[in-house]
Structure formats: C-alpha cells, structure tokens
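Novice: sequence first, predicted coordinates after that:
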Amino acid sequence: MNVYEKLNKLKENISNMGSLAVSFSGGVDSTFLLKVAVDILGDKTVAITARSSTYPEREYREAEAFAKSLGVKHVVIISEELEIEGFSENPVNRCYFCKHELFEKVKEVAIQNGIRYVADGSNLDDLGDYRPGMQAAQELEVVSPLKASEMTKEDIRLLSKEMNLPTWNKQAFACLASRFPYGHKITKEKLAMIDKSEQFLLDLDFWQVRVRHHGDLARIEVSATEIGRFFHEELMEKVYAEFKKIGFTYVSLDMKGYRTGSMNETILKS
C-alpha cells in the first residue's frame with residue numbers, strides 16, 4: 001500500500017469504531033491519530049493525557065495547546081509510575097507496569113464518557129524494538145489504528161506535514177524513565193536531573209537529544225548531524241558546567257549518536 005491507501009484504511013477503521021479515546025502524549029504519532037479521529041468522529045473523540053514525573057512539562061503544555069486548537073475534549077489524569085510497586089526498581093519489563101496502569105485509567109475515562117474504544121499511537125516501526133508495554137495494551141484491549149493500517153513513522157510525518165500539524169518534524173520522544181539502565185533505581189530527583197539536562201540542550205538548539213543516566217555519569221546522545229557541534233571548547237565547557245550544577249560528576253558524548261531504545265541494546269543482544 002502507498003501512504004494514501006494506508007490513510008484511507010486508517011480512516012475506515014476509525015469510522016467503524018464509532019467513538020474513540022486517544023491516549024494522547026502530544027508526540028508525532030498520537031497527535032496525528034487524534035487529528036484524524038477528530039476529523040472522522042468529531043465529538044465522539046476524547047483525548048486523554050497522563051501527567052507524571054516521567055513526563056516533561058514542555059510536552060504537557062504542547063499537548064494541551066494542540067487539543068485546545070482542535071476543540072476536542074481533553075481529559076488530564078495523574079498516573080504516577082513511581083507509586084507502582086516494582087516500577088522504581090527499573091526491571092526489564094518496567095514499561096509493562098507503566099502502560100498497564102495508564103491504560104486502566106484511560107479506559108475508566110473512556111467508559112465515563114461513553115467511548116467504546118481506547119487507542120494508542122503505536123505504529124509499524126514500533127515492532128522493531130523491545131516494547132513490553134504492547135503486552136499491557138493487548139491485555140486491556142487497547143487498539144493501535146496506526147499499526148493496523150501499516151503506517152510507519154515516515155508515513156505519519158509525511159501526512160502530518162500535508163495536514164499542517166505542528167508535530168510533523170517534532171523530535172522523537174519517550175518517557176524519561178527510558179533514560180536509565182535496567183536495574184538502576186529511578187527516583188523523582190534523578191528524573192528531574194534528566195529533564196533539566198535535556199531541556200538545557202534543547203535550549204542550545206540541539207534538535208534530537210537524550211541524556212542517559214549512568215549514576216554520576218551523564219551520557220549525551222544527539223543526532224549524527226549534530227555531534228560535530230560538541231567539538232568546540234566553549235560549548236563543551238558550558239555543557240559540563242551546567243550538568244555539574246544539575247548534579248552529574250562526569251559528562252560524556254555517545255559517539256554513535258541518538259538512536260531509539262539505546263538502553264535496550266543489551267537486551268536485544270541476549
């Protein structure tokens with residue numbers, strides 16, 4: 001199928017659902033899905049966003065602004081993952097616990113609003129990474145319309161650009177808990193360190209960033225085209241000074257650059 005055939009399939013699938021609650025983070029995928037759902041189902045669509053210490057404030061503000069621009073009903077829930085038993089210990093299936101609690105709460109909101117289906121923004125490319133959260137989605141009968149329509153991230157960006165969506169070229173985002181090696185304890189303080197560090201790099205006009213937390217060490221990932229910017233003494237000193245202030249002792253640059261799920265690389269090798 002070409003991208004427009006996929007879009008027609010997506011629209012048909014959504015139309016057949018009759019009503020839809022979208023788990024809406026404000027990222028590229030869920031923004032596109034929400035827009036199409038609102039176009040097809042109108043007020044039979046609800047956007048649901050979860051706030052927590054793993055979700056940066058900037059992402060919430062962008063999600064809130066977009067939902068308001070669409071005129072869609074936007075419900076904000078609190079989903080504090082650190083209160084889930086076992087989550088803060090950061091096991092390999094950490095994402096399962098998080099998504100299970102999230103989708104349970106999203107389903108409750110959907111029922112309260114008379115909405116039949118709950119959807120996430122998973123796309124076809126997500127099948128290529130380790131994502132235990134998908135098991136939680138399956139168990140709770142959460143649908144993935146983008147994946148079912150065989151849409152890739154590239155398809156979604158292309159169509160988002162044609163629809164003039166502000167997220168068409170937005171950076172890839174994942175919850176802040178994904179910045180820690182499995183087995184390393186997650187705390188609100190550490191999450192705040194990551195959030196501040198990444199925001200600092202974004203304010204320096206880096207486009208795609210991740211700061212991985214390795215105890216006293218911060219490992220910075222930026223896109224391959226941006227790595228060269230770091231090889232200037234003034235910038236290196238500026239970044240080091242700020243990260244030191246945030247709480248890191250050592251700061252390193254990952255020479256392989258940004259890639260999705262780099263913390264999963266040891267799992268996928270085993």
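Specialist: Here it is on my side, so go on.
Novice: and the helix or strand hosting residue 102, what other elements does it pack with?
Specialist: When elements are assigned from DSSP states H and E, residue 102 belongs to helix 94-112. With contacts defined as 3 or more Cβ pairs under 8 Å, 6 or more residues apart in numbering; DSSP states H and E, helix 94-112 has these neighbours: strand 20-23, strand 45-51, strand 73-78, strand 117-119, helix 133-139. C-betas here are computed from N, CA, C, even on glycine.
Novice: buried sites along that helix?
Specialist: Within helix 94-112, the residues that count as buried by 16 or more other Cβ atoms under 10 Å are 94-103, 105-107, 109-110.
Novice: what does stretch 31-39 contact?
Specialist: The list of residues contacting stretch 31-39 from outside it, by Cβ atoms under 8 Å, 6 or more residues apart in numbering, reads 7, 10-11, 14, 20, 22, 24, 45, 47, 63, 66-67, 70-72, 119, 121, 145-146, 156, 159-160, 163, 165-167, 170.
Novice: how does it look with 6 Å?
Specialist: By Cβ atoms under 6 Å, 6 or more residues apart in numbering, the list of residues contacting stretch 31-39 from outside reads 14, 20, 22, 24, 45, 47, 66, 70, 72, 121, 146, 156, 160, 165, 167.
Novice: was I right to think residue 96 contacts residue 138?
Specialist: No - here residue 96 lies out of contact with residue 138, judged by Cβ atoms under 6 Å, at a distance of 10.7 Å.
Novice: just to revisit the earlier point, out of the helices and strands packed on helix 94-112, deepest packed?
Specialist: Of all the helices and strands packed on helix 94-112, strand 20-23 has the most neighbours on average by mean count of other Cβ atoms under 10 Å, namely a mean of 27.
Novice: mind showing which ranges of the chain have poor pLDDT?
Specialist: Within the chain, the segments meeting pLDDT under 70 span 128-133, 260-270.
Novice: those helices in it, which residues are they?
Specialist: Assignment of helices within the chain using DSSP state H yields the ranges 3-17, 28-41, 57-70, 94-112, 133-139, 145-148, 153-162, 188-203, 233-246, 265-269.
Novice: now these as JSON lines including distance to residue 225?
Specialist: Conversion of the helices of the chain to JSON lines gives the following (distance: least, Cβ to Cβ, whole Å):
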{"stretch": "helix 3-17", "distance to residue 225": "25"}
{"stretch": "helix 28-41", "distance to residue 225": "19"}
{"stretch": "helix 57-70", "distance to residue 225": "22"}
{"stretch": "helix 94-112", "distance to residue 225": "29"}
{"stretch": "helix 133-139", "distance to residue 225": "30"}
{"stretch": "helix 145-148", "distance to residue 225": "27"}
{"stretch": "helix 153-162", "distance to residue 225": "17"}
{"stretch": "helix 188-203", "distance to residue 225": "15"}
{"stretch": "helix 233-246", "distance to residue 225": "16"}
{"stretch": "helix 265-269", "distance to residue 225": "21"}
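Novice: closest to residue 175 out of these?
Specialist: With Cβ to Cβ as the criterion, residue 175 lies closest to helix 94-112 of the helices of the chain, at 7.2 Å.
Novice: specify the angle between the closest one and strand 45-51 in degrees.
Specialist: Going by axes from the mean of the first three to the mean of the last three Cα atoms, to 10 degrees, helix 94-112 is angled at 140 degrees with respect to strand 45-51.
Novice: tell me how far helix 94-112 lies from the chain's centre.
Specialist: The chain centroid and the centroid of helix 94-112 are separated by 15 Å, computed with Cα atoms, centre = their mean, to the nearest Å.
Novice: how much space between the spatially closest residue to residue 230 that is not a sequence neighbour and residue 190?
Specialist: In this structure, residue 230 finds its nearest non-sequential neighbour in residue 253, 5.4 Å apart by Cβ to Cβ, 6 or more residues apart in numbering. The span separating residue 253 from residue 190 equals 20 Å under the rule Cβ to Cβ, to the nearest Å.
Novice: these two: who's more crowded?
Specialist: Here residue 253 and residue 190 are set side by side on neighbour count (other Cβ atoms under 10 Å), and the busier one is residue 190, at 20 against 16.
Novice: residue 75 bridge partners, please.
Specialist: Going by DSSP bridges, residue 75 is paired in beta bridges with residue 48.
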